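Colleague: 3D, please:
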Amino acid sequence: MRIVSGIQPTNEIHIGNYIGAIKQWISLQEKNECVFFIADLHALTTPYDPKNLQESITKIFISYIAAGLNPEKSIIFVQSQVKEHTELCWLLNTLCPIGELQRMTQFKEKSKKHIEYINAGLLNYPILMAADILLYKAEAIPVGKDQEQHVELTRSLAKKFNQKFGETFKEPKALMSKEGAKIMSLTNPKSKMSKSDEAKSCIFLFDEPEEIQKKIMSAQTDSGKDVIYNITKKPGIANLLTIYSLLTDKSIQEIEKQFKKKNYSDFKKSLAKVVIDYLEPFRRKQKELLSRKVYVQEVLKQGQRRALTIAQETMKEVKEKMGLV
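Modeller: Prediction:
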């Protein structure tokens, strides 16, 4: 099965990104043909600093590899270095009704957040995402809940293209993690963990141990003292329990039992140790890769070559069917 997914090169990757996406990618690459890209074209739709973009791309790539993605098993590349993404995006634009784009929840949310930066790219973001997916004839897309709507649009565009021009694309399905698809903020457990919020609301993959300890110990909890999972009455503890469970492979019930007669402080100290120990190999690998810049660039070029082979073949077929060749 061919899997496609991408992540924007904005700021650092936090454990919400890791648990909700990258952790799933690592297991998927073992038995599937995986295509993972750094979505730099998507990053242009919200405010960014052009001077730092290339550095951000390299950092995200190093984060991928440090977290466990294997360039020998997966195709990993930079989106803008395969021009067929934008070419297919334009062709899909001619099939997509404007109303479909205007109803997208993410467009509405980002428009409110960046009032001064509402652009056509932000509106067309889901079409570029559809092109990213269909270009590689993906069968499944690992996504968080906030991207489900975009996958549905992708399926709709694939179906529309096939009906109009002949069978070309598969209709990909969304792959959701059963748990942890949405890790919440440490400072506001009713809102998703986001790198655009204050730094103390996120645990980043390469945070130093003392920083992780400080963030977890100051994470928002709830009234009472029992370590019990209750998403409505105890969203703070529920979020921390979810992180604990997903990083240790212990069930929520096991962890509740472990801390039955203990308080929030005991639980948080234990969670801090779990997170610090889990992320230690990532920090080590990151430091090694930062000193191997030639290797990093060579792996990206290799990924670009492999991605181009598939992308060019797809575009040749698409253009022929649309009467462009």
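Colleague: low-confidence ranges, the stretch 101-250 of the chain, go.
Modeller: By pLDDT under 70, the low-scoring segments of the stretch 101-250 of the chain are 110-111, 113-114, 177-181, 195-198.
Colleague: what's the longest helix along the chain packed up against?
Modeller: In the chain, with assignment by DSSP state H, the single longest helix is helix 293-321. Packing partners of helix 293-321 (3 or more CB pairs under 8 Å, 6 or more residues apart in numbering; DSSP states H and E): strand 33-38, helix 50-67, strand 74-78, helix 84-93. In short, each C-beta sits where N, CA and C put it, glycine included.
Colleague: at 10 Å what do you get?
Modeller: strand 33-38, helix 50-67, strand 74-78, helix 84-93, helix 120-134, helix 148-165, helix 264-290 (3 or more CB pairs under 10 Å, 6 or more residues apart in numbering; DSSP states H and E).
Colleague: outline the domain layout of this protein.
Modeller: 2-181+293-321, 206-287 (automatic domain parsing).
Colleague: and of those, who's closest to residue 200?
Modeller: For residue 200, the closest of the domains of the chain is domain 206-287, at 5.6 Å, according to CB to CB.
Colleague: can I get the domains of the chain in a markdown table with mean neighbour count and distance to residue 188?
Modeller: Formatted as a markdown table, those follow (neighbours: other CB atoms under 10 Å; distance: least, CB to CB, whole Å):
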| stretch | mean neighbour count | distance to residue 188 |
| --- | --- | --- |
| domain 2-181+293-321 | 18 | 13 |
| domain 206-287 | 17 | 7 |
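Colleague: so which of the ones you listed is nearest residue 193?
Modeller: Among the domains of the chain, the nearest to residue 193 by CB to CB is domain 2-181+293-321 (3.5 Å).
Colleague: the closest one spans what distance, first to last residue?
Modeller: Length of domain 2-181+293-321, first residue to last, CA to CA, to the nearest Å: 23 Å.
Colleague: going forward, begin numbering at 40 instead of 1
Modeller: Yes, from this point I'll number from 40; that puts the last item at domain 41-220+332-360.
Colleague: so what's the residue of the chain most remote from its centre up against?
Modeller: Of all residues in the chain, residue 300 has its C-alpha farthest from the mean position, at 37.1 Å, by CA atoms, centre = their mean. The contact partners of residue 300, by CB atoms under 10 Å, 6 or more residues apart in numbering, come to 265, 266.
Colleague: for residue 58, see how far away it is.
Modeller: The gap separating residue 300 from residue 58 is 28 Å, by CB to CB, to the nearest Å.
Colleague: between the two ends of stretch 212-228, how far is it?
Modeller: 29 Å.
Colleague: report pLDDT for residue 356.
Modeller: Per-residue confidence (pLDDT) for residue 356: 98.
Colleague: that one contacts residue 207, correct?
Modeller: Yes. In this structure, residue 356 is within contact of residue 207 by CB atoms under 10 Å, at 6.2 Å.
Colleague: for those two, list the residues in contact with both.
Modeller: Common neighbours of residue 356 and residue 207 (criterion: CB under 10 Å, 6+ apart): residue 176.
Colleague: and the contacts of stretch 326-334?
Modeller: So stretch 326-334 is contacted by 97-98, 100-105, 110, 245, 335, 337-338 (CB under 10 Å, 6+ apart).
Colleague: most widely separated two among these?
Modeller: Using CB to CB, the two most remote members of the contacts of stretch 326-334 are 245 and 337, lying 22.6 Å apart.
Colleague: ok, now which ones touch residue 211?
Modeller: With CB under 10 Å, 6+ apart, residue 211 has these contacts: 41-43, 169, 172-173, 175-180, 190, 193-194, 197.
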